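**Student:** the following comprises the amino acid sequence and a computationally predicted model.
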Amino acid sequence: MAPYPVLRGLYELDKTIGCGGFAKVKLATHILTGEKVAIKIMEKRSLGENLHRVRVELDALQSLSHRHISQLYQVLETESHFFLVVEYCSGGELFDHIVEKNRLSEKEARAAFRQILSAVAYLHSLGFVHRDLKPENVLLDKDLNMKLIDFGLCAKPSGGLTGFLYTSCGSPTYAAPELVLGKKYLGHEVDVWSMGVLLYALLCGFLPFDDDKIDTLYKKILEGKYEEPAWLTAESRRLIRSMLQTDPKKRVRVDELLSHPWVMRGFREPIPLNNSCNMKEHDSQCVNILARHKNITPEEMWELLSKWKYDYNTATYFLMLNRKRRGLPVRIF
Ligand SMILES: CN(C)C[C@H]1CC[C@H](N2C(=O)N(C)Cc3cnc4ccc(-c5cc(Cl)c(O)c(Cl)c5)nc4c32)CC1
């Protein structure tokens, strides 16, 4: 196992669970709590111009805490590497989950879609846009809850949600027409398009726009024509059509989706916008246990913790809080 001295005594590294772009993600154990985490390791030398994407992802992750977004626990930086310690998702990729089930029923697709929509609405409410929503970036935890990951392309448009973005990015298969055209675009509208592609994949088991040749794929996306399999209900077709609108002005908005009849079917409440699970709250049981471990008073411990430096204290506290919220005994070794 490649030794990373900075992690010694804090995390026990296990196998590599995935590689992507300029990062390697390894499974690890947080020693003090015994909880599993994922560590995204990036070598600065090989980042090149992606270095700013790391900063972007860090800024985003440090302001996000939502039950359907992979939680950031700790950030470590050495002269050669960045380490992002994040919530481990043992259920793998949503994509693999869809493939093995062939496709999801409308009920299963709705449950998954509501969780993704809740995370995206929360993201937008804080002025962020993800811009790379695709099945590979939606993972599942052990209870098959959705977890959004990879905020390397997310952006915080300068003019808030009315500010325009220009960088064309993300994967073409899920890219909205205005992105493909390289036109200026409003980030949150491209996220709606990508969620439309995601919903289509959940309900159909294959993608609405797909082609080996990139320019044929672009043509299909710009035409916005896709197959509607016989098993899609009229209501599902209407919803998908409203999301896969090639004209971003005519595309359904996130706030409309939150109370959309299809999204609401079988549920009494619209999706709460701030379905964030605030991790930065004071939990005296966790503070006391951690204070005792460090041999300082709970007040001194909270003084340290409430700076939210995303250091080992932050990681330990968040992981203890996680255990408590899952009804597990809060303990540290
Ligand atoms: C294809 N991508 C560009 C990278 C790929 C790397 C492995 C990763 N993964 C997997 O692919 N499993 C199947 C296992 C797995 C389990 N837990 C994970 C928890 C978090 C993350 C994660 C990954 C990235 Cl790149 C992030 O920015 C954040 Cl915030 C979080 N990845 C995880 C992960 C999925 C993405």
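**Tutor:** Now that the structure is in, tell me what you want to look at.

**Student:** which residues of the stretch 1-150 of the chain lie near the ligand?
**Tutor:** 17-18, 20-21, 23, 25, 38, 40, 57, 70, 86, 88-89, 92-93, 136, 139, 149-150 (C-beta under 6 Å from any ligand atom). C-betas here are computed from N, CA, C, even on glycine.

**Student:** ok, Ile17 - contacts?
**Tutor:** 25-27, 38 (C-beta atoms under 8 Å, 6 or more residues apart in numbering).

**Student:** so what are the sheet partners of the host helix or strand of it and their directions?
**Tutor:** Using DSSP states H and E, Ile17 sits in strand 11-20. Strand 11-20 pairs in its sheet with strand 23-30 (antiparallel), by DSSP bridges.

**Student:** export the strand it pairs with to CSV, keeping only CA atoms.
**Tutor:** Extracted in CSV, the C-alpha atoms of strand 23-30 (Å, rounded to 0.1, in the frame of the first residue of the first chain):
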residue,chain,number,x,y,z
ALA,A,23,-8.0,11.2,-8.6
LYS,A,24,-7.8,7.8,-7.0
VAL,A,25,-10.4,6.9,-4.4
LYS,A,26,-9.4,4.5,-1.7
LEU,A,27,-11.4,2.8,1.0
ALA,A,28,-10.1,3.5,4.5
THR,A,29,-11.0,3.2,8.1
HIS,A,30,-11.1,6.2,10.5
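
**Student:** contact partners of that strand?
**Tutor:** Residues from elsewhere that reach strand 23-30 (C-beta under 8 Å, 6+ apart): 7, 10-19, 35-42, 73, 85, 88, 315-316, 319.

**Student:** do the same with stretch 260-274
**Tutor:** Stretch 260-274 is touched from outside by 107, 110, 113-114, 117-118, 121-122, 125, 235-236, 238-239, 252, 257-259, with contacts defined as C-beta under 8 Å, 6+ apart.

**Student:** at 10 Å what do you get?
**Tutor:** With contact meaning C-beta atoms under 10 Å, 6 or more residues apart in numbering, stretch 260-274 is reached by 66, 106-107, 109-111, 113-115, 117-119, 121-122, 124-126, 199, 233, 235-240, 242-243, 252, 254-259.

**Student:** list only buried entries from the residues you listed.
**Tutor:** 66, 106, 109-111, 113-115, 117-119, 121-122, 124, 199, 236, 239-240, 242-243, 252, 254, 257-258 (16 or more other C-beta atoms under 10 Å).

**Student:** name the helices or strands packed onto the lowest-mean-pLDDT helix or strand in the chain?
**Tutor:** Counting by mean pLDDT, DSSP states H and E, the chain has its least confident helix or strand at helix 177-180, which shows a mean of 85. Judged by 3 or more C-beta pairs under 10 Å, 6 or more residues apart in numbering; DSSP states H and E, helix 177-180 is in contact with helix 187-204, helix 214-223.

**Student:** nearest to the ligand, of the ones you listed?
**Tutor:** helix 187-204 (15.0 Å; C-beta to the nearest ligand atom).

**Student:** tell me the angle of that closest one relative to helix 214-223?
**Tutor:** Calculated by axes from the mean of the first three to the mean of the last three C-alpha atoms, to 10 degrees, helix 187-204 forms an angle of 100 degrees with helix 214-223.

**Student:** would you mind writing the CA trace of helix 187-204 as CSV?
**Tutor:** The C-alpha trace of helix 187-204 is given here as CSV (Å, rounded to 0.1, in the frame of the first residue of the first chain):
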residue,chain,number,x,y,z
GLY,A,187,-26.2,26.3,-14.5
HIS,A,188,-29.3,25.2,-12.8
GLU,A,189,-31.1,24.6,-16.1
VAL,A,190,-28.4,22.2,-17.2
ASP,A,191,-28.8,20.3,-14.0
VAL,A,192,-32.5,19.9,-14.8
TRP,A,193,-31.7,18.5,-18.2
SER,A,194,-29.2,16.0,-16.7
MET,A,195,-31.7,15.0,-14.1
GLY,A,196,-34.1,14.3,-17.0
VAL,A,197,-31.5,12.0,-18.5
LEU,A,198,-31.1,10.4,-15.1
LEU,A,199,-34.8,9.9,-14.7
TYR,A,200,-35.1,8.4,-18.2
ALA,A,201,-32.2,6.0,-17.4
LEU,A,202,-34.0,5.0,-14.1
LEU,A,203,-37.3,4.3,-15.9
CYS,A,204,-36.0,2.8,-19.1
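
**Student:** and the strands in the stretch 201-333 of the chain?
**Tutor:** With DSSP state E, counting those that start in this stretch, there are no strands along the stretch 201-333 of the chain.

**Student:** can you map out the helices along it?
**Tutor:** 214-223, 234-243, 254-258, 261-264, 284-294, 298-305, 312-325 (DSSP state H, counting those that start in this stretch).

**Student:** pLDDT on the shortest one, on average?
**Tutor:** The reference is to helix 261-264. For helix 261-264, the mean per-residue pLDDT is 94.

**Student:** buried residues in it?
**Tutor:** Residues of helix 261-264 classed as buried: 262-263 (neighbour count, 16+ other C-beta under 10 Å).

**Student:** can you show me the CA trace of that helix as PDB?
**Tutor:** The C-alpha coordinates for helix 261-264 follow below in PDB (Å, rounded to 0.1, in the frame of the first residue of the first chain):
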ATOM      1  CA  PRO A 261     -47.700  15.700  -9.400                       C
ATOM      2  CA  TRP A 262     -45.500  12.800 -10.600                       C
ATOM      3  CA  VAL A 263     -42.900  13.500  -8.000                       C
ATOM      4  CA  MET A 264     -45.600  13.800  -5.300                       C
END
